Each structure stands twice: as C-alpha cells, then as structure tokens.
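Visitor: 3D, please:
(2 chains)
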Amino acid sequence: MSETPYTLAELLIAAASDAWRGDGEILATGITPIPRIAAALAKATYAPQLLMTDAEVYFTVDPVPPGKRHVPIEIEGWAPYDRTFSLLWSGKRHAMVAPVQIDRFGQTNISVIGNHAKPKSAMLGARGFPGNSIYHPNSFFFPTHTARGFVAGEVDFVCSAGYNRERFAGRPFPKGLDLRLIVTNLAVLNFGGPDHAMQVVSLHPGVAFEQVQENTGFPLHRPDTIGITPAPTAHQLHVIRTVIDPNNVRDSVIKPERAA
Amino acid sequence: MLNKTASLEDAIATLRDGMRIGIGGWATRRKPMALVRALARSSIKDLTVHAYGGPDIGILAACGKIKKLVFPFVSLDHYPLEPHFRAARQTGLQVLELDEGMFHWGLRAAAMQLPFLPTRVGIGTDIIKQPELRMVKSPYDDGEELVAMPALKLDAALLHCHRSDAAGNVLTLSPDPFFDELFARAADHVIVSCEKLVPTADLNMRENARFNFVERSQIKVVVEAPLGAHPTSANPDYQIDLAHLKQYVDSASSPEAWAAYRAAFIDIPHADYAAAIGGREKIEAIPAVIY
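Guide: Here you go, the predicted structure:
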C-alpha cells in the first residue's frame, strides 16, 4: 500500500494503466494526455513488450512523455498512417480514447451534438472510431463523469460500434468488437454485466455507487461486491512523476485535488 | 523535355465549377495551402471536397467554395476543433462522413477503377446509415454482409510536396507520406505544388527514390510555391506554425476578424505571402510541435 499522497489524476492513470494487462505484443494507443500517460505507465511497468509511438510517425523504444522532451528519443520503427490502418485491421492494437458521449451499449460519439445534418455543435468527425471499434480492443476515459456524457438512449451519432444487437440485425457481434475498461473521475467500469451491460468495477475512494448512477443517463449494473479503486503504488507514482510525465501534464488535465 | 510548370493562378484556372476535388496532406501537415488560397481567391464554386481535413477545409468553407464535404475529420490538431468548418457544418453544410480507413479505401477503389471495395468498417455505426453507402454480401461460403465502400473518384487533386522537376517527378521528404499517392491515382487531373522546383538531377533520385510517391505520368501541373504548406508543416523544410494557427482560429470570432484575416493572408498574391507571415527565416526557425 502506498503511503505517498497522490492526486486524482495519478489515481486515474494507475487505474487506466491496467487496461493493457494480458494484451501481449500489440500497439498501445492512448489519445489525450491521461490515457497516453496510462499506456506509458503500462509499458514502463508490467508490459515492456507494448508498441508505442511518438504520437506522430515513429515507434519508440520507451514511452515518450507528453510535452517538453528531456532526453533524446530512441526510435525503433516507422508508423505512418497507412501502416497504422494495416496494423489496426490486424487487431493488434488496444486504444484508450476520450469520447464526448457514450451510451449503455458502449457506442461512442466524437462527431456532433444534435442532428447530424445540421448539428448544434460540430466536433471532429468520426476519425478512426468506426474501424477501431470492430477490429481491436478499446477502452475509454472520461475526465468528468456526467449524464451528459453517459447518455440515455443512444449517442447522438454512433461513431464507434457497441454491444447494440439492433445494429447487427440478428447477426453476431463482429469478432473484433471488444470493449474493455471505462475510467472516469468517479469509478472504473466495464461491460461485464448481463448481456454486456455496463457495470461498476471499482469506486474511487470516497465515491458511492449512487453518485455514479446519478451521473449516468442509463441504469448501471451493480455487482454484489464493488471494490475501491486501488491507490497508485509508490513505484507507479515514482514512474509517473519522474519518467513518463515529468512535465506534469496530468495536472493541467485534472486539477490536483487529493484523491485520498 | 516535358514542362508542366504553371503559375498558381493558371493552375487553379484548370479547375471547373462543380468538380470533385481531393486535397492531400493530413490535418495540419503538408496541406497544399497556397493552392487552397488561390482556389479561395478564384471564382470556382460548388465543389465536392475530399480531405483528411485541416485549415484547407476551414478556408474553403469560409469562402463559400464547398457544396459538399467528404471527410473523416476536420481538425487543427493542437486546436482540435476547426472553427470555420464548425460554423459551416452548424449551418447545414452537406457532408458524407467516413472513417479514416474507409476514406483511404474509397480512394484506393477509385485508383483501381473499381466501383467499390468491401470492408467491415462502418458496421454497427451511424456512418453506414448515410444514403451514399450500401452493403454487399460476400459471394463466398462465409456470406458475410460487408460495407461496399464506393470509389471516391476525383476530378482533380491538389497536393503539396517538397521538390519537383518541371516534368512532375516529385519528392515528398516528410516522414509520413499520408495518402497523397492515392489522391493522385484517384484523380483525373493532379496539381502539385512544391517547395522548390529543381532540375531532375538535383532530385538525386538514386538516393531519394523511396520518397517519389507517384510517377510523373499521374501529374498534370507543377507549381513552385515556397512556404506553400504554411501554416501547416512541410517537415523537414519547416514545421507547423502554431502562432499563425492561433491567429487563424481567432479569425472565426467575428465577420470583421475573418475579413481582416482574409485580406491579410488569402486575398494577396502568393509572392507577397512570405512577407505577410513574417518572412521565410522566421518560419524556418519555428521548432517542431511536440505532441
């Protein structure tokens, strides 16, 4: 157990870094800073075999810290977009992404809020979400867990596929559809409930199940026992602070209130 | 000796209203911005524009050139939301939204002169609910229902590379070639701008052949446009100009701000552009953006 004080960001990074456990020699992608630092923590601790990129075009031997670089980066391979598509279509990737909306099926949205033809808010577009969602494992990060993000019904524009049988017209789910962890500022969740229902796996220290449910637009599965999200270990904190996020980008994403 | 060189304005004059245009590069990297600005200045309109979008899309949208956008995203990377694209989209710009890989697949189908290429990408999402997309059943024993990604046939493509000779032997020296080859093969008419027009021997093709992304027979017009990708990068010649992108983002704050940006950077001849952005030396000194 760690005696070292830690921030909420560090708790979330440690929790999210578990996503790649058991994945083998695949590409770990974390989009937005917390997932990226989490993937780096996985590679720097228990999963050195993971492939990671410099967030541009090269595979690197060690995870690249976000922000200013203090040591030269050793490059071990080439990752142009064309290859990235080829790689992801092989299934050998696990991405953690930060969508704007998610629904009870695990469908997510980064395209529009409102109507697709004339949206209230246009965002990015579907990017690679449709392909990613049916070819390789995906996990999700939400810095703020609210019912506006965890929506009732379906997300406004389904960019990534989820466990929604109606959208597969009686056919089985694609074999690559494999939704893993959801890490939020309140809890760690997954799709391990009955018929892939979203369930709470662990609550962050001081958070009640009811608080998570109140901030979710659909019923969550409540398992008989729900753990408390483990504190980051002293080793994890050391690695986060000195090796993979020495610029403390994490604090710019999530204000450094103490989690415990 | 083949000579395909032309001025920016003459190159753009080879385009027509209503064309299906593809724009190479990716978001804030190696966008043919000098060609895009020349197109924005022209009278050409009603374009169906295809791109992995960045400020190219924002500028053309804000200048009223786009009838329909075919895209997987529009983003300025560091500034994830492209304000001019958003404004156009939120007032009903017609779109076909695709996955990044599907988009590549559509260009590839066009390059192979096929009506479509099958893919699973899009299944289970709202992408395939758009009327442009249809399904196809595998004729083999698996009988799988697949998405028939239609060919994204282009009338013209606009690309930016680092070096070219007058015949259109091109070099793209940046570490990611993106999908410029497929844009070139999907299009009937390809206009390439280059940082520097050089004699064939200076391409040093024996050393650089792997950076020659398509053969010259695919390229119709060559334009020399130094800083022609700015404010996007043409790494290794120069990097993304984040300060300028910020100015560009801020130009969406009001019609007056946009008019000022347009007057300062778009409605000027390319010969004056380097001076408008602070000079070539300043741009070359910008360090690479670190993500």
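Visitor: in stretch B:62-74, what's buried?
Guide: Within stretch B:62-74, the residues that count as buried by 16 or more other Cβ atoms under 10 Å in any protein chain shown are B:62-63, B:65-66, B:68-74. Where C-beta positions appear, they are placed from N, C-alpha and C, glycine not excepted.
Visitor: Those in strands, which ones?
Guide: B:66, B:68-71 (DSSP state E).
Visitor: Is it correct that A:Leu27 is in contact with A:Gly91?
Guide: No. Counting by Cβ atoms under 8 Å, A:Leu27 stays clear of A:Gly91, with 10.3 Å between them.
Visitor: For those two, indicate the residue with more neighbours.
Guide: More neighbours surround A:Leu27 than the other of A:Leu27 and A:Gly91, with 21 against 15 (other Cβ atoms under 10 Å in any protein chain shown).
Visitor: any idea how far A:Glu56 is from chain B?
Guide: 6 Å (Cβ to the nearest Cβ, to the nearest Å).
Visitor: So that residue is in contact with B:Ile290, correct?
Guide: No. Between A:Glu56 and B:Ile290 there is no contact, the gap being 9.1 Å when judged by Cβ under 8 Å.
Visitor: Give me the common contacts of those two.
Guide: Common neighbours of A:Glu56 and B:Ile290, counting by Cβ atoms under 8 Å, 6 or more residues apart in numbering or on different chains, are absent.
Visitor: for chain A, which helix is longest?
Guide: helix A:33-44 (DSSP state H).
Visitor: Intersect the buried residues of stretch B:62-74 with the contacts of chain A.
Guide: B:71-74 (Cβ under 8 Å from any Cβ of the partner chain).
Visitor: mean confidence for stretch B:35-49?
Guide: Averaged across stretch B:35-49, pLDDT comes to 98.
Visitor: Whatever residue of chain B ends up closest to chain A in helix, strand or coil?
Guide: Closest to chain A within chain B is B:Gly124: 2.8 Å, counting by Cβ to the nearest Cβ. Look at B:Gly124: counting by DSSP: H, G, I helix; E, B strand; the rest coil, its state is coil.
Visitor: what bits of the stretch 151-291 of chain B have low per-residue confidence?
Guide: Applying pLDDT under 70 to the stretch 151-291 of chain B flags no residue at all.
Visitor: how about the residues of it near chain A?
Guide: Applying Cβ under 8 Å from any Cβ, we find that the stretch 151-291 of chain B lies next to chain A at B:175-179, B:290-291.
Visitor: Could you count how many residues lie near the residue lying closest to A:Thr144 once chain neighbours are set aside?
Guide: Using Cβ to Cβ, 6 or more residues apart in numbering or on different chains and skipping the chain neighbours, the partner closest in space to A:Thr144 is A:Asn185 (5.9 Å). Residues within reach of A:Asn185, counting by other Cβ under 10 Å, total 20.
Visitor: Correct me if wrong: A:Asn185 contacts A:Thr7.
Guide: No. Between A:Asn185 and A:Thr7 there is no contact under Cβ under 8 Å: 11.4 Å.
Visitor: what sits in contact with each of those two?
Guide: Contacts common to A:Asn185 and A:Thr7, judged by Cβ under 8 Å, 6+ apart, are A:Ile254.
Visitor: If you drop the residues flanking it in sequence, what lies closest to A:Pro99?
Guide: A:Thr108 (3.6 Å).
Visitor: Spit out the contact partners of the one you found.
Guide: Applying Cβ under 8 Å, 6+ apart, the residues near A:Thr108 are A:97, A:99-102, A:129, A:133, A:140, A:155, A:158-160, A:162.
Visitor: Return the per-residue confidence for it.
Guide: Predicted confidence (pLDDT) for A:Thr108: 98.
Visitor: got the phi/psi numbers for the closest residue to chain B within the stretch 51-200 of chain A?
Guide: In the stretch 51-200 of chain A, the residue found nearest to chain B is A:Ala161; the distance is 2.8 Å by Cβ to the nearest Cβ. In terms of degrees, to the nearest 10, the main-chain angles of A:Ala161 are phi -70, psi 150.
Visitor: Correct me if wrong: it contacts B:Asp126.
Guide: No. Applying Cβ under 8 Å as the test, A:Ala161 and B:Asp126 come out as separate, 9.9 Å apart.
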